[in-house]
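Asks: sequence and predicted structure below; questions after.
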Amino acid sequence: MDDTLAHPWRTEMTVFARAFSGAFLFGIPLLFTMEMWWIGAYAEPWKLVLLLGLTLVANLGLTYFSGFRPGHGWGQAVEQTIEAVSVGVVASAVVLIVLNRISVADPLDSILGKIIVQSVPLSIGASLSSVVFSPGKDRQGDDGPDADYHPWKALFNDLGATAIGGVFLGVSIAPTDEIVMLAAGMSWLHKAALVALSLLIGYGVVFVSGFDRTSMKVDNPGPFQRPLTETTAAYVVSLLVAALSLYLFDRIDFTEPFHSVMSQVIVLALPTTVGGAAGRIAV
């Protein structure tokens, strides 16, 4: 029986995990850009409506030629366009809430404006997810997940790829004032939610999205090649990359209070986690 028919909910979960993964990989830097927050807060409504319309048109073209679901045709393209924009809206809303950029106390037009503006790059990332990272690539090589498999070698490969990917995104965001601004404006509840969101995204990109089909199929994985332990270890590396990036750009000083330093590290760890996850499935 076709696996799609046998496990429809699992297939849907994989499809949307792939779309959200592509959205975060493509759009996370702009979620940390204050100009994007301001545009969303102060743009005129008709401009936001026009922007949303252009986003639908752009995604329609992308989903017709690629898309994150199999199959072609204008009917499927329209359906995927609506789904891609919905993914962008949900993803931007979640991150903006966690970063305390929107709240129930804000004016409704400001909330909608920020979400619409941020949904543009995120929805495009969702539409391009299967093109940027082709599903089915094996991290352990072309001969199968168990070919010449060594747990410690796999561990160092994963952590090295995480560090490289984390640096790639982290160094572009670490020097900005947004990190300090976000860290100062977040409560402990927001920071706890940010840690949870970072872990969830890291897990979803590698283990749920279907980008790497061998990620959970090694017969005898080492202690750090299991989904939860690998995700946790990768997050620790992402925290270290974030701390080092902030320190090298003179954004933190370890003579500062611990909570101040850690707050900024946790904020930057979201993009370094996303970059690290991309590194692990791309290398």
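Replies: Sure thing, it's come through. None of the values given here were measured: they were computed from a predicted structure.

Asks: grab the nearest non-local neighbour of residue 187.
Replies: Once flanking residues are discounted, residue 187 sits nearest to residue 100: 7.2 Å by C-beta to C-beta, 6 or more residues apart in numbering. Yep, even glycine has a C-beta here, placed from its N, CA and C like the rest.

Asks: now the one you found: phi and psi?
Replies: Phi and psi for residue 100, reported as degrees, to the nearest 10, are phi 60, psi 40.

Asks: how many other residues sit next to it?
Replies: Neighbours of residue 100 under the rule other C-beta atoms under 10 Å: 17.

Asks: just list the residues touching it, thanks.
Replies: By C-beta atoms under 8 Å, 6 or more residues apart in numbering, the residues touching residue 100 are 182, 185, 186, 187, 190.

Asks: give me the local confidence score for it.
Replies: On pLDDT, residue 100 comes in at 95.

Asks: and stretch 152-164, how far from the chain's centre?
Replies: Distance, stretch centre to chain centre, for stretch 152-164: 19 Å (C-alpha atoms, centre = their mean, to the nearest Å).

Asks: flag every buried residue along that stretch.
Replies: Neighbour counts over stretch 152-164 (16 or more other C-beta atoms under 10 Å) mark 154, 155, 158, 159, 161, 162, 163, 164 as buried.

Asks: and those residues as TSV, adding secondary structure?
Replies: Shown next, in TSV, are the buried residues of stretch 152-164 (DSSP: H, G, I helix; E, B strand; the rest coil):
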residue	secondary structure
154	helix
155	helix
158	helix
159	helix
161	helix
162	helix
163	helix
164	helix
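
Asks: from these, which is closest to residue 106?
Replies: Distance to residue 106 across the buried residues of stretch 152-164 (C-beta to C-beta) is lowest for residue 162, with 35.0 Å.

Asks: rewinding a little: which of the contacts of residue 100 are buried, as a PyMOL select command?
Replies: Buried subset of the contacts of residue 100, written as a PyMOL selection, criterion 16+ other C-beta under 10 Å:
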select buried, resi 182+186+190
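
Asks: just the closest of the contacts of residue 100 to residue 262, please.
Replies: Closest to residue 262, out of all of the contacts of residue 100 and judged by C-beta to C-beta, is residue 186, at 11.6 Å.

Asks: could you measure from the closest one over to residue 123?
Replies: According to C-beta to C-beta, to the nearest Å, residue 186 and residue 123 sit 26 Å apart.

Asks: same thing with residue 228?
Replies: As defined by C-beta to C-beta, residue 228 lies at a distance of 30 Å from residue 123.

Asks: do residue 231 as well
Replies: Distance, residue 231 to residue 123, by C-beta to C-beta: 26 Å.

Asks: more neighbours: which of those two?
Replies: With neighbours defined as other C-beta under 10 Å, residue 231 and residue 123 compare such that residue 123 has more, 32 against 22.

Asks: got the contact list for that one?
Replies: Contact partners of residue 123, counting by C-beta under 8 Å, 6+ apart, are 23, 55, 59, 84, 85, 87, 88, 89.

Asks: top of the residues you listed by neighbour count?
Replies: Ranked by neighbour count (other C-beta under 10 Å), these have residue 84 at the top, with 32 neighbours.
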